[in-house]
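1. Can you look at this prediction? I've put the sequence above it.
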Amino acid sequence: MGKFSKWIAGGLGWAFFGPIGGLLGFALGSMMDNQDQQAIQGQQKQTTTGAYAMSLLVLVAAVMRADGKVVRAELDYVKQYFVKAFGQDSAREGIRMLGDLLKQEIPLRDVSLQIKQNLDYSSRLQLLHFLFGISAADGRVDPNEIRVIEQIASYLGLSKKDTDSIKYMFIAKIDSAYKILEVDRNASAEDLKKAYRKMANKYHPDKVSHLGEDFRIAAKEKFQKVNEAYNQIKKERKIA
């Protein structure tokens, strides 16, 4: 049994209900018996690792459907991410569930609002980071996918600055490093240092440690991007 099955068996919490549960109903029903479902119903307000993983799958499907086609590079990116984060068996389980979701219409607003109501801000930022990564997986960022991701970010209650910060980790522009740190190009060295400390704290992997070690490790990429942005600006400005 892979980790997805273990998470499901341990309880999906609130994700078993509402639009997410409806979308995943068939896949979940084939993996659980009535006793499992009753156990989940008893903890519907709990934010479990399984609930986060199911939220991720639903939003991934919505983004992959945004441009009207599902390309191999995107599927490979998702699979590689799952293999790296959760192992081979779990990756197969996740991709199987994703395949079922890709055949369905995703009620984007309803799903996103359910996630907003049940996930803390740091966990929502981590979801957004993965979605932008998928969009950039095939070497070009499709405008339709970006539009959908930004719409998701708005529904999730994420600020425009935080959304842009994560977006520019994947879109290379002249001022991307400044966007990541959420500062203007004319910011002083002291303001840059303050911004770096703020963003490093905001994106620290420990912020999502409650989702389990797998997701904490996966969150390191955001933290590394903040370090890279700060080092790039210091090098350009010749700041010690």
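-> Right, received. Where do you want to start?
2. Can you pull the phi and psi angles for the spatially most central residue of the chain?
-> Among the residues of the chain, the one closest to the centroid is L127, at 1.7 Å (Cα atoms, centre = their mean). Recorded main-chain torsions at L127 are phi -60, psi -50, according to degrees, to the nearest 10.
3. quick one: low-confidence ranges for the protein?
-> Low-confidence segments of the chain, defined by pLDDT under 70: 1-13, 26-48, 85, 240.
4. related to what we said a few turns ago, how near is the residue nearest to the centre of the chain to K238?
-> Distance, L127 to K238, using Cβ to Cβ, to the nearest Å: 37 Å. The way it works is simple: take the backbone N, C-alpha and C, and place the C-beta from them, glycine included.
5. Also F223?
-> Counting by Cβ to Cβ - F223 and K238 are separated by 25 Å.
6. which residues sit against stretch 152-162?
-> Under the contact criterion Cβ atoms under 8 Å, 6 or more residues apart in numbering, stretch 152-162 has outside partners 59, 62-63, 108-109, 112-113, 115-116, 121, 124-125, 127-128, 131, 163, 182, 202.
7. Stretch 129-139: how far from the chain's middle?
-> 10 Å (Cα atoms, centre = their mean, to the nearest Å).
8. returning to what we had before: which members of the contacts of stretch 152-162 are positioned in helices?
-> Applying DSSP state H to these, the entries found in helices are 59, 62-63, 108-109, 112-113, 115-116, 121, 124-125, 127-128, 131, 163, 202.
9. Show me how to select, in PyMOL, the buried members of those residues.
-> The following PyMOL line selects those of the ones in helices among the contacts of stretch 152-162 that are buried, judged by 16 or more other Cβ atoms under 10 Å:
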select buried, resi 59+62+63+108+112+113+115+124+125+127+128+131+163+202
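10. mind listing what's buried in stretch 214-231?
-> Using 16+ other Cβ under 10 Å as the test for burial, stretch 214-231 gives 214-216, 218-219, 221-223, 225-226, 229-230.
11. got the contact list for the closest residue to F215 other than its chain neighbours?
-> In this structure, F215 finds its nearest non-sequential neighbour in V208, 5.4 Å apart by Cβ to Cβ, 6 or more residues apart in numbering. Neighbouring residues of V208 by Cβ under 8 Å, 6+ apart: 122-123, 126, 215-216, 219.
12. is it true that I106 touches R65?
-> Yes - with contact defined as Cβ atoms under 8 Å, I106 reaches R65; the gap is 6.9 Å.
13. ok, the two, which is more surrounded?
-> I106 (23 against 20; other Cβ atoms under 10 Å).
14. For L113, see how far away the closest residue to the more buried one other than its chain neighbours is.
-> Distances taken as Cβ to Cβ, 6+ apart place A62 nearest to I106, at 4.2 Å, with adjacent residues excluded. Note on A62: its distance to L113, by Cβ to Cβ, is 13 Å.
15. hang on, the earlier thing: okay, the contacts of V208 in JSON lines with distance to R72 next?
-> Putting the contacts of V208 into JSON lines (distance: Cβ to Cβ, whole Å) gives the following:
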{"residue": "S122", "distance to R72": "32"}
{"residue": "S123", "distance to R72": "29"}
{"residue": "Q126", "distance to R72": "25"}
{"residue": "F215", "distance to R72": "26"}
{"residue": "R216", "distance to R72": "29"}
{"residue": "A219", "distance to R72": "26"}
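16. Alright, I will stop here.
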